[in-house]
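Q: heads up, no residue letters with this:
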């Protein structure tokens, strides 16, 4: 596996490669990332991964400075997983003028759900993904469904800006107790870690109710949030949305997703569960 | 020359081509566009041109509806000029969801100079150019210096979003009396057409003064605007700026450009003249 730190060198590598499947990450890799790599490998002969902790997508008071940087361990995992090239630029390489003057501006969805609690986050995500796509020029890129709103925004950007890349969603990796894998799980105390799987249990219960025909979405959201609050969570939101658009859910929609963000102590966790009444998989 | 109307068909053509130089236009082609094509042909074996009147970059009350559409004549000119492929999508092809939900947001420069009079114009330009670049995937793209602010915004976008395309600026084409070639010149009455070359004369005089060491920029701008007003023009602006950034000019800067927009009757004309005190050419 080659490790490349500059845009210019990556472009030279790209000229010699054929089809490329791309897995962008912020590092601190876990099994969920490696599932993205395995999926990517099914879509192109060469897998390119990137590691870049993108300041643009962190807000004031968020964990940009303490976000774990573990490049050596990450590189070893990616090498073992068969990645052909790792793009690991430093900040001055992607933001040489410090500020990012031209940004990709997503629609109002950027200010809903997680966006309501993380102003500017999805603009920062869309912008860095656009930059990485322009550097890596992948044929396919894999994104985890754990960051469901991010996946929808990247898919929307690709479609709306006519980017020549196919976005492949990958199911959320989970621990044996159901907790969605996340780099932020390492912030949890042992007690918090024991409590954390409740988030997925609560969302599954909502999704089961939806599949069973429940249609008082507001009540389902309220009950789920109340259960989390009763167990010490600070709930940012629990929301039922249309799965393909993240539009507000309306009765009769067959493809729904229930999403939540809630905090245990200082650690903010997110998760989601799809609820398709016709059993269809996510359309891409 | 192939004429292609859909994104899917263009992508298929692109896969078979080597290096491509691109000339995006809104059609109604004149000798200035053909100079762009000639320059493009020096940079790649295949020249792709596009014709698309981009609604996003027209404001309320502007001439989107009456902008001249002359596809057959334009195609003949491009064929004669040696263009390999003409991409001429209709509106539903580039804006299938009618609204453009993801936009490229330029920095504050988008609200200065012409942007102060055409709100949203440069966002619309940046967004459609990003879309066209994603479809055409050119190695090189040629833009005329007549739309100097547009050129700077496209260059800034390409640099800041790491787009893999080299922007080549092309000198403004002019009629024998100096009037910058523009599709909008056809809106001029015979009297207005006779008056129109004054814009270039006035800007050249300012540029000459700058090269001669004049440094009261505000006075130069005021005098130029006054001369135009005295001859029936409605002046939007005459401004001296730094040539490479379009930052406000400060005394001592060696590379300046004087830009103006002014209206004769209903027709808004723009022009600019570079004034380099060291004789250097525009750095790209």
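A: In hand now; what should we look at? Source: prediction; values computed, not measured. Residues are numbered from 1 along each chain as shown, chains lettered A, B, ... in the order given.
Q: report all helices and strands that the host helix or strand of residue A:14 contacts.
A: Residue A:14 is part of helix A:7-16 when elements are defined by DSSP states H and E. Packing contacts for helix A:7-16, counted by 3 or more CB pairs under 8 Å, 6 or more residues apart in numbering or on different chains; DSSP states H and E, involve strand A:2-4, strand A:85-87, helix A:121-136. In short, each C-beta sits where N, CA and C put it, glycine included.
Q: what score does residue A:277 have for pLDDT?
A: Per-residue pLDDT puts residue A:277 at 83.
Q: so it makes contact with residue A:254?
A: Yes - the criterion here is CB atoms under 8 Å, and residue A:277 meets it with residue A:254 at 4.8 Å.
Q: could I get the full set of helices for chain A?
A: A:7-16, A:31-41, A:71-80, A:91-94, A:114-117, A:121-136, A:148-160, A:190-195, A:198-211, A:217-230 (DSSP state H).
Q: save those as JSON lines, and put in mean neighbour count and mean pLDDT too.
A: Formatted as JSON lines, those follow (neighbours: other CB atoms under 10 Å in any protein chain shown; pLDDT from 0 to 100):
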{"stretch": "helix A:7-16", "mean neighbour count": "15", "mean pLDDT": "98"}
{"stretch": "helix A:31-41", "mean neighbour count": "20", "mean pLDDT": "98"}
{"stretch": "helix A:71-80", "mean neighbour count": "16", "mean pLDDT": "98"}
{"stretch": "helix A:91-94", "mean neighbour count": "14", "mean pLDDT": "97"}
{"stretch": "helix A:114-117", "mean neighbour count": "16", "mean pLDDT": "98"}
{"stretch": "helix A:121-136", "mean neighbour count": "24", "mean pLDDT": "98"}
{"stretch": "helix A:148-160", "mean neighbour count": "22", "mean pLDDT": "98"}
{"stretch": "helix A:190-195", "mean neighbour count": "14", "mean pLDDT": "98"}
{"stretch": "helix A:198-211", "mean neighbour count": "19", "mean pLDDT": "98"}
{"stretch": "helix A:217-230", "mean neighbour count": "16", "mean pLDDT": "98"}
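Q: of those, give the one that comes closest to residue B:127.
A: Closest of these to residue B:127 is helix A:148-160, at 9.1 Å (criterion: CB to CB).
Q: show me what that closest one packs onto, helices and strands only.
A: Helix A:148-160 sits against helix A:121-136, strand A:140-144, strand A:166-170, strand A:255-264, with contacts defined as 3+ CB pairs under 8 Å, 6+ apart.
Q: so what's the gap between it and the chain middle?
A: In terms of CA atoms, centre = their mean, to the nearest Å, the centre of helix A:148-160 is set 11 Å apart from its chain centre.
Q: wouldn't residue A:13 be in contact with residue A:46 here?
A: No - using CB under 8 Å, residue A:13 is not in contact with residue A:46; the gap is 9.4 Å.
Q: overlap in contacts, these two.
A: residue A:85 (CB atoms under 8 Å, 6 or more residues apart in numbering or on different chains).
Q: about what we covered before: out of the helices of chain A, which is closest to residue B:99?
A: Ranking these by proximity to residue B:99 (CB to CB) places helix A:148-160 first, at 9.1 Å.
Q: show me the contact partners of the closest one.
A: Helix A:148-160 has contacts (CB under 8 Å, 6+ apart) with A:104, A:106-107, A:109-110, A:112-115, A:122, A:125-126, A:129-130, A:141, A:143-145, A:163, A:165, A:167, A:169, A:245-246, A:257, A:259, A:272, A:284, B:97, B:100-102.
Q: for PyMOL, write the select line for the buried members of those residues.
A: PyMOL command restricting the contacts of helix A:148-160 to the buried ones, with burial defined by 16 or more other CB atoms under 10 Å in any protein chain shown:
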select buried, (chain A and resi 104+106+107+109+110+112+113+114+115+122+125+126+129+130+141+143+144+145+163+165+167+169+246+257+259+272) or (chain B and resi 100+101+102)
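Q: once you drop chain neighbours, what's closest to the most centrally placed residue in chain A?
A: Note on chain A: the residue nearest the mean C-alpha position is residue A:147, at 2.9 Å, using CA atoms, centre = their mean. Nearest non-adjacent residue to residue A:147, counting by CB to CB, 6 or more residues apart in numbering or on different chains: residue A:270, 7.2 Å away.
Q: what's the angle from the helix holding residue A:14 to helix A:121-136?
A: 60 degrees (axes from the mean of the first three to the mean of the last three CA atoms, to 10 degrees).
Q: neighbouring contacts of helix A:7-16?
A: A:2, A:4, A:20, A:85, A:87, A:89, A:93-94, A:135-137, B:162, B:164.
Q: show me the domain layout of chain A.
A: Residue ranges for the domains of chain A, per automatic domain parsing: A:2-170, A:183-276.
Q: let's have those in CSV, adding distance to residue B:189.
A: CSV is the format used below for these (distance: least, CB to CB, whole Å):
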stretch, distance to residue B:189
domain A:2-170, 39
domain A:183-276, 51
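Q: out of those, which is closest to residue B:173?
A: Residue B:173 lies closest, by CB to CB, to one member of the domains of chain A: domain A:2-170, at 28.2 Å.
Q: got the end-to-end distance for that closest one?
A: End-to-end span of domain A:2-170 (CA to CA, to the nearest Å): 25 Å.
Q: chain center to that domain, what's the gap?
A: On the basis of CA atoms, centre = their mean, domain A:2-170 sits 10 Å off its chain's mean C-alpha point.
Q: and the stretch 151-284 of chain A, which residues reach chain B?
A: Residues of the stretch 151-284 of chain A found near chain B, taking CB under 8 Å from any CB of the partner chain as the criterion, are A:156, A:157, A:160, A:161, A:162, A:163, A:164.
Q: state the pLDDT value of the fifth one.
A: According to the prediction, residue A:162 has pLDDT 98.
Q: ok, which of the helices and strands packed on helix A:7-16 comes nearest chain B?
A: Within the helices and strands packed on helix A:7-16, the stretch nearest chain B is helix A:121-136; the backing value is 4.5 Å (CB to the nearest CB).
Q: what does the stretch 1-150 of chain A put close to chain B?
A: Contact residues (CB under 8 Å from any CB) of the stretch 1-150 of chain A with chain B: A:7, A:11, A:94, A:97, A:100-107, A:126-127, A:130-131, A:134-135, A:137.
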